[in-house]
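Peer 1: no letters, just coordinates:
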């Protein structure tokens, strides 16, 4: 099923642009140091794409930014206002993490209920309509395809309406047409938010990102691409975008991970 082509009528909260600073990040996994002394600055109110080979530590870095710490990972994290990010971050993992005993609608409003807040069901239904799932609001997740479940997870992330949004391969389970449409919707609804998108797709990062970072090496470092052409969401068929895409591919092809 393809998404309907429509503009969003949702009204989201307005936040001051919130920069994010991570200092001296370190990750040791199975005795291997994936990164050490890593610094990351996310510009407030901007959409940043993060590219790099599998196993480099992108998802772990995202979890650290989300406050989901685990043994072997550490770093000094704060907002650009000097305050902690607690309660100001929405996180979308690679897996949809839908609760199988809840309906689609109840999964979308789960965050509100866990915080003891009265959920805005009308807004949740609007979001489901935007991702093309209004007709399955009462369904259970096990009746949905993988791509549909991913769209529910995206709606749940948007429902949180936070100034900082962290997304780990959010469109990976979608067919090409729905991927393009959901990318455009995310760009619209997340405008003004500080977004970090982890993706293996350089064209996706290029289409959505105001900035693009490449993570490579061992221990890993971060490098930024120069200024990007145009304004997101960019047209993938634009010749300038295609040329930049080829430049990114050449950068990624040059990435090598030294065996431990």
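Peer 2: The structure has been received and is ready for your questions. Please read these numbers as outputs of a predicted model, since none were measured by experiment.
Peer 1: low-confidence stretches in the stretch 151-260 of the chain?
Peer 2: Confidence mapping of the stretch 151-260 of the chain against pLDDT under 70 gives the ranges 254-260.
Peer 1: could you pull out the helices for it?
Peer 2: With helices called from DSSP state H, counting those that start in this stretch, the stretch 151-260 of the chain shows them at 176-189, 202-208, 239-253.
Peer 1: which one of those helices lies closest to residue 36?
Peer 2: helix 239-253 (22.4 Å; Cβ to Cβ). The C-beta positions use only the backbone N, C-alpha and C, and glycine is treated the same way.
Peer 1: what comes into contact with the closest one?
Peer 2: 51-53, 202-203, 205-207, 212, 214, 225, 228-230, 234-236 (Cβ atoms under 8 Å, 6 or more residues apart in numbering).
Peer 1: please, where are all the helices along the stretch 1-150 of the chain?
Peer 2: Going by DSSP H, counting those that start in this stretch, the stretch 1-150 of the chain shows helices at 58-65, 104-108, 110-114, 121-130, 146-160.
Peer 1: domain parsing for the chain?
Peer 2: Domain ranges of the chain: 19-88+166-260, 98-161, per automatic domain parsing.
Peer 1: got the ones you listed as JSON lines, with mean neighbour count columns?
Peer 2: Listed next are the domains of the chain as JSON lines, based on neighbours: other Cβ atoms under 10 Å:
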{"stretch": "domain 19-88+166-260", "mean neighbour count": "17"}
{"stretch": "domain 98-161", "mean neighbour count": "18"}
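Peer 1: who are the contact partners of the most centrally placed residue in the chain?
Peer 2: Closest to where the C-alpha atoms of the chain average out (Cα atoms, centre = their mean) is residue 167, at 1.7 Å. Shown in contact with residue 167 (Cβ under 8 Å, 6+ apart): 91, 92, 157, 186, 195, 196, 197, 198.
Peer 1: ok, the fifth one to residue 65 distance?
Peer 2: Meaning residue 195. 11 Å (Cβ to Cβ, to the nearest Å).
Peer 1: shared neighbours of the two, anything?
Peer 2: 164, 166.
Peer 1: just to revisit the earlier point, which one of the contacts of residue 167 is nearest residue 20?
Peer 2: For the contacts of residue 167, the nearest to residue 20 is residue 196 (7.8 Å; Cβ to Cβ).
Peer 1: would JSON lines of the helices of the stretch 1-150 of the chain with distance to residue 15 be doable?
Peer 2: Shown next, in JSON lines, are the helices of the stretch 1-150 of the chain (distance: least, Cβ to Cβ, whole Å):
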{"stretch": "helix 58-65", "distance to residue 15": "17"}
{"stretch": "helix 104-108", "distance to residue 15": "21"}
{"stretch": "helix 110-114", "distance to residue 15": "17"}
{"stretch": "helix 121-130", "distance to residue 15": "16"}
{"stretch": "helix 146-160", "distance to residue 15": "12"}
